[in-house]
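Trainee: Have a look at this prediction, sequence included:
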Amino acid sequence: MNTTTFLKSLAKEPLLYFISIAIILLGLGEILEPPAQEIVISEGRVEHLRSVFERKWHRYPTDSELEQLIENYLREEILYREALALGLAENDTVIRRRLRMKMELTARNFADTQDPGDRVLEKFLQGQADKYWLPPPYLSNNDFSQWIWPHQIHVILTTYSCS
């Protein structure tokens, strides 16, 4: 059997076409599929888990408890990423409210750390002066029946002076 007759008989074989198409599809799947995301649990994250445990239980976690904390965090992260990939966070009122609360807290914390400075405060006060206006200081006589304003003090002193 020579090479050309072998290739002709092989070209008529449907199994060859099936295997070729399968290899091409698998190759395209590997190329088009995004790479799996790696979950890295840093030393800082482990320290955070340890400190949360310590605040709750008022003691350090044992090695097995710490391992369980890390496994729980890993499971939570996997489920969180899968939920995002499935779009479960979209159009969810509870998640929207929680994110709003976190943004308000973040904004409040940011505002607390910022010092606006004297110029900004002075400009704000000038724009809002009617809200912060105080009446001038006053004096009253002993029975509080009549209020006396500063421009009237001179008249009162001269009228009731001991001369």
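Mentor: Looks like it arrived, so ask away. Just so it is clear, the structure is predicted and the values come from calculations on it, not from any experiment.

Trainee: Show me how far the helix or strand harbouring residue 28 is from its chain's centre.
Mentor: Using DSSP states H and E, residue 28 sits in helix 14-32. Computed by CA atoms, centre = their mean, to the nearest Å, the chain-centroid distance of helix 14-32 equals 45 Å.

Trainee: Following element in sequence after it, please.
Mentor: Counting by DSSP H and E, the element after helix 14-32 in chain order, helix or strand, is helix 43-57.

Trainee: ok, now which ones touch residue 3?
Mentor: Residues counted as contacts of residue 3 (CB atoms under 8 Å, 6 or more residues apart in numbering): none. In short, each C-beta sits where N, CA and C put it, glycine included.

Trainee: my bad, residue 66
Mentor: Counting by CB under 8 Å, 6+ apart, residue 66 makes contact with 46, 49-50, 53.

Trainee: one more time with 7 Å
Mentor: residue 50 (CB atoms under 7 Å, 6 or more residues apart in numbering).

Trainee: Quick one: distance of whichever strand or helix holds it to the chain centre.
Mentor: Using DSSP H and E, residue 66 sits within helix 63-86. Mean-position distance between helix 63-86 and its chain equals 19 Å (CA atoms, centre = their mean).

Trainee: got it, and stretch 108-128?
Mentor: Computed by CA atoms, centre = their mean, the chain-centroid distance of stretch 108-128 equals 24 Å.

Trainee: In CSV, could you pull the C-alpha coordinates for the helix holding residue 66?
Mentor: Extracted C-alpha coordinates of helix 63-86, given in CSV (Å, rounded to 0.1, in the frame of the first residue of the first chain):
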residue,chain,number,x,y,z
ASP,A,63,-3.8,26.9,64.9
SER,A,64,-6.8,24.8,63.9
GLU,A,65,-9.2,27.7,64.5
LEU,A,66,-7.0,30.0,62.4
GLU,A,67,-7.0,27.4,59.6
GLN,A,68,-10.8,27.2,59.8
LEU,A,69,-11.0,31.0,59.6
ILE,A,70,-8.8,31.0,56.4
GLU,A,71,-10.9,28.2,54.9
ASN,A,72,-14.1,30.1,55.6
TYR,A,73,-12.7,33.2,54.1
LEU,A,74,-11.5,31.3,51.0
ARG,A,75,-15.0,29.7,50.6
GLU,A,76,-16.6,33.1,51.0
GLU,A,77,-14.3,34.7,48.3
ILE,A,78,-15.0,31.9,45.8
LEU,A,79,-18.8,32.2,46.3
TYR,A,80,-18.5,36.0,46.1
ARG,A,81,-16.7,35.9,42.8
GLU,A,82,-19.0,33.3,41.4
ALA,A,83,-22.1,35.4,42.4
LEU,A,84,-20.6,38.4,40.7
ALA,A,85,-19.8,36.4,37.6
LEU,A,86,-23.4,35.2,37.5
